[in-house]
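Engineer: Based on what follows, work out the 3D shape:
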Amino acid sequence: MFKSKKKKKKKEIEIGSIIREMVASKGKKRRVGEVLMILMDQPDDPSLECVEVDPEELTTRTKGSDGMKMFRVKKSRAKHYTPRKKLFKKKTYEKGTIVRQKRGTSIKYGQIVCFVHPDGLYSTSHEEGYNGKDFLECVEISPKPGLAQQMQADGEPKRFTANPKQCKIMEVITTNAQGEDCTVRRLKIEEEE
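Structural biologist: I've put the predicted structure just below:
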């Protein structure tokens, strides 16, 4: 017996949907918008009244003092839009990022303060963003809530240089169980750690 393939149900465009034009106007980019109204000018292919939004931030675009940028597009010429670049943006090392360094069985937590070129050359990571080669210079921190700096006997913060291949970017939690902002920062540490 043949199994029939289930057809994937197409998500219906409705008021509040974020859409992108499938075909751009001549000489322009395809616009992204939030549907404000569905006009029943043609029941089989209605027009969508949209407010234009930024494709990355999904914030409303304005034009001078006139208010929001608006546009119309036929439903057949629009499709649902998701800002994939922002959603699937790869995490990268930046100053201030908290990392976990694991070497064998020893684990250290630190906050990146600087980038160091492996050959002692000038690092381009400071101006252009992490280049994928530099070592990470970190101030050691405690993984306990509050993320206090670890200090040496002379009162200076403990520092360490880490190979990025031995590091993992840690998620910092700044809210309590009720979702309210709190001043005590803590790390999201998985059970296997």
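
Engineer: In this protein, what helix or strand scores lowest on average pLDDT?
Structural biologist: Using mean pLDDT, DSSP states H and E, the weakest-scoring helix or strand in the chain turns out to be helix 84-87, at a mean of 64.

Engineer: Write down the beta-bridge partners of the closest residue to R159 other than its chain neighbours, one by one.
Structural biologist: With sequence-adjacent residues excluded and distances taken as C-beta to C-beta, 6 or more residues apart in numbering, R159 is closest to V139, at 5.8 Å. Every C-beta, even on glycine, is put in place using the N, C-alpha and C of the backbone. Counting by DSSP bridges, V139 forms beta bridges with Q111, R159.

Engineer: With V116 instead?
Structural biologist: F135.

Engineer: Please report how far it lies from V32.
Structural biologist: With distances taken as C-beta to C-beta, to the nearest Å, V116 is found 41 Å from V32.

Engineer: Run through this structure and note the low-pLDDT ranges.
Structural biologist: The chain contains residues with pLDDT under 70 at 1-10, 64-66, 85-90, 190-193.

Engineer: so where do the strands sit in it?
Structural biologist: Along the chain, counting by DSSP state E, strands occupy 18-21, 32-39, 47-52, 70-74, 78-80, 98-103, 106-116, 135-141, 159-162, 167-169, 172-175, 181-187.

Engineer: Mean neighbour count and distance to S123 for those - can I get that in JSON lines?
Structural biologist: Below are those laid out as JSON lines (neighbours: other C-beta atoms under 10 Å; distance: least, C-beta to C-beta, whole Å):
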{"stretch": "strand 18-21", "mean neighbour count": "19", "distance to S123": "39"}
{"stretch": "strand 32-39", "mean neighbour count": "17", "distance to S123": "37"}
{"stretch": "strand 47-52", "mean neighbour count": "19", "distance to S123": "40"}
{"stretch": "strand 70-74", "mean neighbour count": "15", "distance to S123": "45"}
{"stretch": "strand 78-80", "mean neighbour count": "16", "distance to S123": "42"}
{"stretch": "strand 98-103", "mean neighbour count": "17", "distance to S123": "17"}
{"stretch": "strand 106-116", "mean neighbour count": "17", "distance to S123": "4"}
{"stretch": "strand 135-141", "mean neighbour count": "20", "distance to S123": "9"}
{"stretch": "strand 159-162", "mean neighbour count": "16", "distance to S123": "12"}
{"stretch": "strand 167-169", "mean neighbour count": "16", "distance to S123": "16"}
{"stretch": "strand 172-175", "mean neighbour count": "12", "distance to S123": "24"}
{"stretch": "strand 181-187", "mean neighbour count": "12", "distance to S123": "26"}
